[in-house]
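Student: can't give you the sequence, but here's the structure:
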């Protein structure tokens, strides 16, 4: 049993080591999306830097409280996301993510006209902290359905 466990760990380490920074950042974005749809701020927390600050003056604790409040107010959360920009330079990354949030599933961008959804553009800064990409700051503003095309 120990050999199998060691083999799995070595394989995982080899695959992780071969990841490009862009792929690692995209994976974090996917995990954040799944956490939001699961309405679980605890799954968001590991992806936020201890030094997180955003343009609204929120720190890590405040943004987790905002997420929890949103999850309590919304019984069902479905997201449609699109990464429109992603730049990695060393241990820093910047990405722009378009997010449509609705109470019902959103099949694709063409469905946005028939669904009541809140549309946002998130500008995120991430930093590689000890091998894990974490969000260090965020800015958001309303987006339009045309931005998703």
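Tutor: Yep, it's here. Please read all numbers here as calculations on a predicted model, not as lab measurements. Residues are numbered from 1 along each chain as shown.
Student: look up how far residue 94 lies from residue 117.
Tutor: Using C-beta to C-beta, to the nearest Å, residue 117 is found at 25 Å from residue 94. C-beta coordinates here come from the backbone N, C-alpha and C atoms, glycine included.
Student: neighbour count winner among the two?
Tutor: Higher neighbour count among residue 117 and residue 94: residue 117, with 21 against 15, using other C-beta atoms under 10 Å.
Student: show me where pLDDT drops low in the chain?
Tutor: In the predicted model of the chain, residues 1-18 satisfy pLDDT under 70.
Student: could I get the full set of helices for it?
Tutor: Here the chain has its helices, by DSSP state H, at 2-17, 21-37, 41-44, 60-73.
Student: what packs against the second one?
Tutor: Helix 21-37 is packed against helix 41-44, strand 78-89, strand 92-102, strand 117-129, strand 132-142, with contacts defined by 3 or more C-beta pairs under 8 Å, 6 or more residues apart in numbering; DSSP states H and E.
Student: same list (the ones you listed) but as TSV, adding distance to residue 31.
Tutor: Shown next, in TSV, are those (distance: least, C-beta to C-beta, whole Å):
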stretch	distance to residue 31
helix 41-44	7
strand 78-89	12
strand 92-102	13
strand 117-129	12
strand 132-142	10
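Student: now for these, which one comes closest to residue 54?
Tutor: Nearest to residue 54 among the helices and strands packed on helix 21-37 is strand 132-142 (4.6 Å), distances taken as C-beta to C-beta.
Student: in terms of secondary structure, what does that closest one contact?
Tutor: helix 21-37, strand 117-129.
Student: do that again at 10 Å, thanks
Tutor: Applying 3 or more C-beta pairs under 10 Å, 6 or more residues apart in numbering; DSSP states H and E, one finds that strand 132-142 contacts helix 21-37, helix 60-73, strand 92-102, strand 117-129.
Student: okay, now residue 140: neighbour count?
Tutor: Neighbours around residue 140, by other C-beta under 10 Å: 15.
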